[in-house]
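>>> Pasting a predicted model and its sequence here:
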Amino acid sequence: MRQSIRASITIRGETMGQATLKITPPNVPAEKVSGPWGDAWRAFRKNKTAMLGLCIIVFFILVALLAPLLAPYGYKEQELVNRLKPPSGDHWFGTDDLGRDMFTRILYGARISLWVGFFSVIGSIIVGTLLGVLAGFYGRWIDMLISRVFDILLAFPSILLAIAIVAILGPSLRNALLAIAIVNIPTYGRLVRARVLSLKSEEYITAARAIGMKNSRILLTHILPNSLTPIIVQGTLGIATAIIEAAALGFLGLGAQPPDPEWGKMLSDSRQFIQKAPWTVIFPGLSIMLTVLGFNLMGDGLRDVLDPRMKN
Amino acid sequence: MNSYLFKRVMVLIPVLIGMTLIVFSIIHAIPGDPAETILGQKATEQSKEALRQQLGLDQPWLQQYFNYMGDLLQGDLGTSIRTKTPIAEEMLPYLAATLELTAASMLFATFVGVNAGILSAWKQNSWFDYAAMIVALIGVSMPIFWLGLMEQLLFAIKLHWLPSIGRMDQRDPVESITNLYIIDTILAGRWDQLWTVIKHLILPSIALGTIPMAIIARMTRSSMLEVMSSDYIRTAKAKGMSQFLVVYKHALKNSLIPVLTVVGLQTGSLLGGAVLTETIFAWPGVGRYIYEAISSRDYPVIQSGILIIAFIFVFINLLVDLLYAAVDPRINYNKG
Amino acid sequence: MAKRKWGNLALVLTLGAALALSGCGGNGNNADSEATAGTNAGATAAPESSPEAAKDAQDTLIVGRGGDSASLDPAIVTDGESLKIAHQVFDSLLEYKPGTSEVQASLADSWEVSADGLTYTFKLHPGVKFHDGTDFNAEAVVFNFTRWSDPASEYKFEGDSFDYYDSMFGPDGSRVIKEVKAVDETTVQFVLNQPQAPFLQNVAMTCFGIASPTAIKEKKENFKNEPVGTGPFVFKEWKHNDSITLEKNADYWEEGLPKLNKVIVRSIPDNSARFNALQNGEIDLMEDLSPDDLSTLEGNSELQKIERPPFNVAYLGFNFNKKPFDDVKVRQALNHAVNKQAIIDAFFSGQATAAVNPMPPSLWGYNDAVQDYEYDLEKAKALLAEAGYPDGLPETVTLYAMPVSRPYMPDGKKVAEAIQADWEKIGVKTTIESPEWATYLDDTKAGEKDDIYMLGWTGDNGDPDNFLYTLLDKDAIPGNNRSFYVNEELHTILINAQKETDQTKRSDLYKEAQEIIKADAPWIPLVHTTPLLAAKANLKGYVPGPTGTEYYSEVYFE
């Protein structure tokens, strides 16, 4: 019994480490909602921390979408005479060492981080689901093969694997996104596989088979919809992971390239001014942390609401 | 127990082989001619050929893999292209530095995490509980490279309390025997040096240990809350703070399992996160070693560095599983 | 049974590598710790346990610099960081007076030149020994020069090339030095094919430091990791990208030197981290102080500012192998699109002047008449249009910017970003790449990956030849001419200037050369800087040379 619990925990074995909390503070009432989405939403709304997470996310999505309207300057716009100026009325977050407005760059940075977060997770989900379904549904040697590949991929610390992939493909934002997507595939793959396996033995699937329903239809009408909730929960937490991983790659110079205003890259560029102009380092880091916090809170809340089983 | 160990190791074999396959493939995944990528297109055909021979790229694929495995089993991790030194020899001090850092981080994470978790549960819904859980929430969302920079800003640059970079005072180098400086200085009886080494360890290990610390705190708290609702503890608690130690001992025993789990889970993140922490704190560890190899396209070093880290990760997970069996009498592995 | 066997194999798999690893490392390590133990024993005489006590008798110098050495064999490198270490470990036949580029005796006590300028005879200092205990003599000098000049030398190891030798004494086929003869144990004679005006200046360069022939023969390609010379300091240990440790050469042939017992040179790439380390007392001397930190430095009484005499140039070079940079119009257009003054104001705090020519104004032969391409984006666009690119360049340009701080350019990546923004205004898009320093140098030398590269040069020997011929002549391909710029007319002028012995005539030739270079625009000369260093206030005897290399042997602490 304990073994299987551990296996399920290891699912997200090591991703940058942050935040795969399988256990939430019990002072947040976890309501068992088995009904339609409406019930879930009502329960979700009662969960204060989850709502806070949602607010943070919505805020950053708005910032990202409206960046061109909100930003007082261009994100590439340099004013060398105004370099390393502290926060002021003209420059709310100060300027960086090329005289670029930090506030503007933070706004545009939200675009990059959310974009990498969403799309890398969607990529991992698509491939992971496909492999998970294949493994779970067809079993036998296909299952063996796919599961072993997942095991192997999970045996590497994920950021290291991502670094290796970028080292092969060459540093760029696109390759960083690809690398992050690849290293997270097994997370979703295993999840879907486990779901498929447990559903396969359920009576209604057996019944569907008995009445001659085709495999592909069973998959589409029964199994995939039923795998959706854990994927949504995992995906939300996964975006948090992906954002941090992208920032880490950017920080190491393996992600976004200048003059892209990626938060991690901004951090590493401003590192040397930490004493003279701390605002150049404080704001990008705060932005990363807040965004990630938002997705983590929301992910925790979603799990409580949608999938209480995952809790234990 | 033995048969469980045996089974557990058996399952590892395909994983380990798969890992070597992946690492082995890194050099083959480079688009184009690897020799050319490493040496540049202007390199003479002669020197490219020499490199191909050194890397064994001139042989059939399967043959190359078997050679690679053969070398690996003999402890030969290849030769660095940049420094022309055997990697196994070159990596050892780096590896020790990383192990020291990760061990210190884990120690910090466990000590602070477990205690904060227990206190939080004991004082559920108090200000301490809220503060601790907010810190834990923020902790799990922390970009550790930023945390490291902020620590440097505060404790090294502003307050001058702790050194900002490195492992020791270069003026007074540690005589390295094991390359684990804590042990080296103790063996040499150099207590002043030990203190210097510890001071150098503090900031990077806090940066690296914060995420596991937050996770351990949250896990300990929730498992403690379960325990606290038992009648035995309720009685103890009703008797007041004098019973705190009783609860504490009891709780400590109970938190062992979640902590073990987190140790297993987080080793990977620690080993991976070490790349970032070591870059920020100029810590001469294996993460920085790999990172620098990427920048100089030293593929054999990248391969071996990643493989060794992954091996350690797998090995620690194995260890954790075995400890489970030892710690938790409820689990009977011989049946499973 | 079979299962059991597999189990064992698995264990071997998991642990084998780790065990073997510790086995291998153990040996190397023991040797190491023995070495350190030895020196520590020596040092314990003066207890250094408390920092206060150590201050009184400080005899270890810790230097922090921006980049690591690419190699420790001075003959195969061209970068200042490598030569800086080599300068401590090796001596050349001659050397420069500290703080100048004037030549004086070193391993050679005296020298004579024949009337026709074709024969130089050096009398060597007797009784000098290499660090490995073997004798320094005329044969050793011959061995070294033969190693550098003979293209088939068995001591020219895989991947190595003697760029400086080729560059200073002509490439294979047009060598300046015909023959080097050992006349007797302490007399060595150079016979030249043609007179070379800066010959003595060249011989004094660090890259022509005399290495122990025995060590080269024994260590082979590993010599570049474990150098053996006659210098004031003995090489001890190199932790790549971390530190290089040198120890006092107790048998140094110059009496009373070195004053220090030990020198540790650390690589701390981040300018602010390096400055922090100085402020925290983790290092004693830092190179390449960022001008941004100047005000902090001047407000700290425990530190001192050291200025290196300006003798350098930082530039962007076009790679002629890549289209469209073979087109002079494109090169001129980009020249017009760099706002040097804004860059100097922003990044150099007045510690630099805009560069017009490829050599510094303080050097004789500098051409004041040459006018720079002024910052004018309209002109730049017009020139691009003339070259056939009215809408800017169609492809993204790869711009290499230095990953490490250099004396002539404290933060290359930032300056590159400023230039990137200017160029975008005329429709030239760039990606900035900064691979690790050694790779950076290899890449730009190969000229395949970069379109435009940033680099700089600190004069080695106080002769214009060392800027113009060394960096821009066709003989310097592949090597220091990373632009692959070939101009026959320029080549003729530069060669004539080498053969000419009258300085006024030489000066005129170099002025003419600068005009040609201006017109061809193979570079965008950026700045000449006054490099800043910072040190603890109690550090004395450090005289920074204009050439960027100086002995640590005179340094001491008060």
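Structure received.
>>> Only C-alpha atoms from now on, for both contacts and neighbour counts.
Fine.
>>> buried set for stretch C:214-222?
C:Thr214, C:Ala215, C:Ile216, C:Glu221, C:Asn222 (16 or more other Cα atoms under 10 Å in any protein chain shown).
>>> Kindly reformat those as JSON lines containing pLDDT, secondary structure and distance to chain A.
Below are the buried residues of stretch C:214-222 laid out as JSON lines (pLDDT from 0 to 100; DSSP: H, G, I helix; E, B strand; the rest coil; distance: Cα to the nearest Cα, whole Å):
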{"residue": "C:Thr214", "pLDDT": "90", "secondary structure": "helix", "distance to chain A": "40"}
{"residue": "C:Ala215", "pLDDT": "90", "secondary structure": "helix", "distance to chain A": "37"}
{"residue": "C:Ile216", "pLDDT": "89", "secondary structure": "helix", "distance to chain A": "35"}
{"residue": "C:Glu221", "pLDDT": "81", "secondary structure": "helix", "distance to chain A": "28"}
{"residue": "C:Asn222", "pLDDT": "85", "secondary structure": "helix", "distance to chain A": "28"}
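>>> just those residues that are near chain B?
C:Asn222 (Cα under 8 Å from any Cα of the partner chain).
>>> Can you tell me which of the buried residues of stretch C:214-222 is nearest chain B?
C:Asn222 (7.6 Å; Cα to the nearest Cα).
>>> what separates that closest one from C:Asp73, distance-wise?
Applying Cα to Cα, to the nearest Å, the value for C:Asn222 to C:Asp73 is 10 Å.
>>> cool, C:Ala382 as well?
48 Å.
>>> out of these two, which sits in the more crowded spot?
It is C:Asp73, of C:Ala382 and C:Asp73, that has more neighbours when counted by other Cα atoms under 10 Å in any protein chain shown, with 28 against 16.
>>> Find the nearest non-adjacent residue to the more buried one, please.
Nearest residue to C:Asp73 in three dimensions, chain neighbours excluded: C:Lys224, at 4.6 Å (Cα to Cα, 6 or more residues apart in numbering or on different chains).
>>> before we move on, what about C:Ser362?
Per Cα to Cα, 6+ apart, closest to C:Ser362 is C:Phe311, 7.3 Å.
>>> thought the one you found was touching C:Trp364?
No: applying Cα atoms under 8 Å as the test, C:Phe311 and C:Trp364 come out as separate, 11.6 Å apart.
>>> Of those two, give the one with the bigger neighbour count.
Using other Cα under 10 Å as the criterion, C:Phe311 and C:Trp364 rank with C:Phe311 on top: 25 against 17.
>>> Now for the more buried one: which residues touch it?
Contacts of C:Phe311 were listed using Cα atoms under 8 Å, 6 or more residues apart in numbering or on different chains, and they are C:Pro360, C:Ser362, C:Leu363, C:Thr458, C:Gly459, C:His528, C:Thr529, C:Thr530, C:Pro546, C:Thr547.
>>> repeat that with 10 Å
C:359-363, C:407-408, C:457-460, C:462, C:528-531, C:545-548 (Cα atoms under 10 Å, 6 or more residues apart in numbering or on different chains).
>>> for C:Ser101, same thing?
Counting by Cα under 10 Å, 6+ apart, C:Ser101 makes contact with C:Glu95, C:Gln201, C:Ala204, C:Gly459, C:Asp460, C:Asn461, C:Gly462, C:Asp463, C:Gly545, C:Pro546, C:Thr547.
>>> part of a strand, is C:Leu455?
Yes: assessed by DSSP: H, G, I helix; E, B strand; the rest coil, C:Leu455 belongs to a strand.
>>> avg pLDDT for stretch C:310-325?
For stretch C:310-325, mean pLDDT is 92.
>>> shaky segments in chain C?
By pLDDT under 70, the low-scoring segments of chain C are C:1-57.
>>> near chain A, which residues of it?
Residues of chain C lying close to chain A by Cα under 10 Å from any Cα of the partner chain are C:270-276, C:290, C:292-293, C:296, C:342-347, C:413-418, C:420-422, C:424, C:430-435.
>>> neighbours around C:Pro394, how many?
Residues within reach of C:Pro394, counting by other Cα under 10 Å, total 11.
>>> sec struct for C:Thr492, please.
Assignment for C:Thr492 (three-state DSSP): helix.
>>> what sits against residue 61?
No chain was given, so I picked chain A. Going by Cα under 10 Å, 6+ apart, the list of residues near A:Ile61 reads A:Cys55, A:Ala67, A:Ala110, A:Arg111, A:Leu114, A:Trp115, A:Thr291.
>>> you looked at the wrong chain, it should be chain C
B:170-171, C:246, C:260-265, C:283-285, C:539, C:552, C:555-557.
>>> Contact residues of the stretch 201-336 of chain B facing chain C?
B:280-284, B:288-289, B:292-298, B:307-308, B:311-312, B:314-315.
>>> From C:Pro198, how far out is C:Asp502?
11 Å.
>>> ugh, typo on my part, it should be C:Thr119
14 Å.
>>> circling back to that earlier point, common neighbours of C:Asn222 and C:Asp73, please.
Looking at what touches both C:Asn222 and C:Asp73 (by Cα under 10 Å, 6+ apart), the common residues are C:Ile216.
>>> Break chain A into its domains for me.
A:1-33, A:36-310 (automatic domain parsing).
>>> out of those, nearest to B:Leu270?
domain A:1-33 (7.5 Å; Cα to Cα).
>>> Quick one: mean pLDDT over that closest one.
For domain A:1-33, mean pLDDT rounds to 37.
>>> Now C:Leu107. Nearest residue, chain neighbours left out?
Residue nearest to C:Leu107 in three dimensions, not counting chain neighbours: C:Leu93, with 4.5 Å by Cα to Cα, 6+ apart.
>>> Cool, thanks, talk later.
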